[in-house]
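> how would this look folded up:
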Amino acid sequence: MPQKVRIALDAMGGDVGASVVIPGAAISLTRHPDAEFLLFGDRGAIDAQLAKHPALKAVSSVIHTDVAVSMHDKPSQALRRGRKNSSMWLAIEAVKKGEADVAVSAGNTGALAAMARFCLRMLPGIDRPALAAIWPTTRGDSVVLDLGATIGGDAQHLVTLAVMGSAMASVLFDLDRPTVGLLNIGVEEIKGHEEIREAAELLRSMNLSQLNYIGFVEGDGIGKGLADVIVSEGFSGNIALKAAEGTARQISEFLREALSSRWLSRIGYLLARPAFRALRDKLDPSKSNGSVVLGLNGIVVKSHGGTDADGFAYAVDVGYEMARCDLLNKINQMLKRDGGSLAQASATQEAVS
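Predicted coordinates:
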């Protein structure tokens, strides 16, 4: 357990770069005063923001680079143009070198996943990274993955996601055997793509000691908290995430319009203001910002590119917590348990085929 949590930030990542990243880091620092920061990006832009946040400046080091990965770059373009010298690469490389415990970026998701995979490499038995996030539900929180690190995947990949997600849930929620569900269009065993049905068969037959597979979960079951871990391939997972965020904003806007439409509604709002504030906080997507890129030999956190400073602060908080609870070592331990559950999944899939 590190005495200080060292956080590497891609200060140029996201829609507006340092003007959100630096204030967001300053907010997170107030919650985690034992954090230290490595800030990678344009020194002029970073220093201009640090001048407004002296407490952050005192615990930060600035590493200049004038190369930034564009939000529109394809992963292959980002690797060619930004490998070794971009703010995103240098933040990830700081984790590889042991100079930082975690890297956080609001930059291009595909580029971040590609660079992190290329720089840090994958954990043994895992061939692709996955984005996992904490999802607020009516029963608490769940871990949902993959939210868009990669698209598609066979049954073996879905089983891998289930194992990694259960490891993250066991660390975060202090659970010995988290419940795991596969996101599907129905709960019946005959529904869904072949890959999903095959993954369900694998998880049932393996009966892994580190997770409790409960079956298929429909989209509305995520918010209900029907499982501690919800597993999906990246295409469907990203759509589910964006739909939930859009719905939350839509409900908030409907409430705002309804409460300002008549004077009686405004009086009612004043009387129930604490309840509406609590509801607003529950519906605020920025407070669930920060997805962990699982499967890497290092900890990397992805923030939404269009978030504000408060939202980015929550992503930094996630990185801090992942480093503090030693997520990487605990995932490694779970992956190795029972003689290697992923190897077991591969052998079982071959037998089923």
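
> in the stretch 101-250 of the chain, which spans are strands?
102-105, 130-137, 140-145, 179-183, 212-217, 229-231 (DSSP state E, counting those that start in this stretch).

> quick one: list the elements packing against the longest one.
Counting contacts by 3 or more CB pairs under 8 Å, 6 or more residues apart in numbering; DSSP states H and E, strand 130-137 is packed against strand 140-145, helix 155-173, helix 220-224, helix 234-259, strand 291-294. No exception for glycine: its C-beta is placed from N, CA and C like everyone else's.

> kindly calculate the angle that it makes with helix 234-259.
30 degrees (axes from the mean of the first three to the mean of the last three CA atoms, to 10 degrees).

> paired strands for strand 130-137, with orientation please.
When pairs are called by DSSP bridges, strand 130-137 turns out to pair with strand 140-145 (antiparallel), strand 291-294 (antiparallel).

> residues touching the residue nearest to the spatial centre of the chain, list them.
With distances taken as CA atoms, centre = their mean, Ser291 lies nearest the centre of the chain, 0.9 Å away. Counting by CB atoms under 8 Å, 6 or more residues apart in numbering, Ser291 touches Leu131, Ala132, Ala133, Leu147, Val301, Lys302, Val318.

> which stretch among the helices and strands packed on strand 130-137 comes nearest Ile92?
strand 291-294 (9.6 Å; CB to CB).

> now find how far off-centre the following helix or strand past that closest one is within its chain.
Sequence-wise, the next helix or strand downstream of strand 291-294 (DSSP states H and E) is strand 300-302. Distance of strand 300-302 from the chain centroid (CA atoms, centre = their mean, to the nearest Å) equals 6 Å.

> pull up the pairing partners for strand 300-302, direction included.
strand 102-105 (parallel), strand 291-294 (antiparallel).

> please identify the most buried of the ones you listed.
Highest mean neighbour count of the strands paired with strand 300-302: strand 102-105, a mean of 30 (counted as mean count of other CB atoms under 10 Å).

> what about stretch 181-194, average pLDDT?
Averaged over stretch 181-194, pLDDT sits at 89.

> please apply the same query to stretch 313-331.
On average, stretch 313-331 scores 89.

> if we can go back for a sec, Gly223 is nearest to which of the strands paired with strand 130-137?
Of the strands paired with strand 130-137, nearest to Gly223 by CB to CB is strand 140-145, at 9.1 Å.

> quick one, that closest one and strand 179-183 angle?
Using the same axes, to 10 degrees: strand 140-145 against strand 179-183 is 50 degrees.

> picking up where we left off before, now the contacts of Ser291 in TSV, with neighbour count and distance to Glu218?
TSV is the format used below for the contacts of Ser291 (neighbours: other CB atoms under 10 Å; distance: CB to CB, whole Å):
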residue	neighbour count	distance to Glu218
Leu131	26	21
Ala132	29	20
Ala133	22	19
Leu147	23	17
Val301	27	28
Lys302	30	26
Val318	24	27
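
> distance to Gly221 added to the residues you listed, as TSV?
Listed next are the contacts of Ser291 as TSV, based on distance: CB to CB, whole Å:
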residue	distance to Gly221
Leu131	20
Ala132	18
Ala133	16
Leu147	16
Val301	26
Lys302	24
Val318	24
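
> and those, which is closest to Ala169?
Ala132 (9.1 Å).

> who's in contact with that closest one?
Per CB under 8 Å, 6+ apart, neighbours of Ala132: Val143, Val144, Leu145, Asp146, Leu147, Met164, Gly165, Met168, Ser291, Val292, Leu294.

> so where's the stretch 1-150 of the chain uncertain?
1-2 (pLDDT under 70).

> can you give me the helices for it?
For the stretch 1-150 of the chain, applying DSSP state H, counting those that start in this stretch gives helices covering 18-31, 43-50, 54-58, 75-82, 87-96, 109-120.

> out of those helices, deepest packed?
Most buried among the helices of the stretch 1-150 of the chain, counting by mean count of other CB under 10 Å: helix 87-96, with a mean of 26.

> report all helices and strands that it contacts.
Counting by 3+ CB pairs under 8 Å, 6+ apart, helix 87-96 packs on strand 5-10, strand 35-41, helix 75-82, strand 102-105, helix 109-120.

> report the angle between the host helix or strand of Lys330 and helix 155-173.
Using DSSP H and E, Lys330 sits within helix 327-336. Orientation check (the same axes, to 10 degrees): helix 327-336 against helix 155-173 gives 130 degrees.

> buried stuff in helix 327-336?
Leu327, Leu328, Ile331, Met334, Leu335 (16 or more other CB atoms under 10 Å).

> same thing with stretch 135-154?
Applying 16+ other CB under 10 Å to stretch 135-154 flags 135-137, 141-150, 153 as buried.
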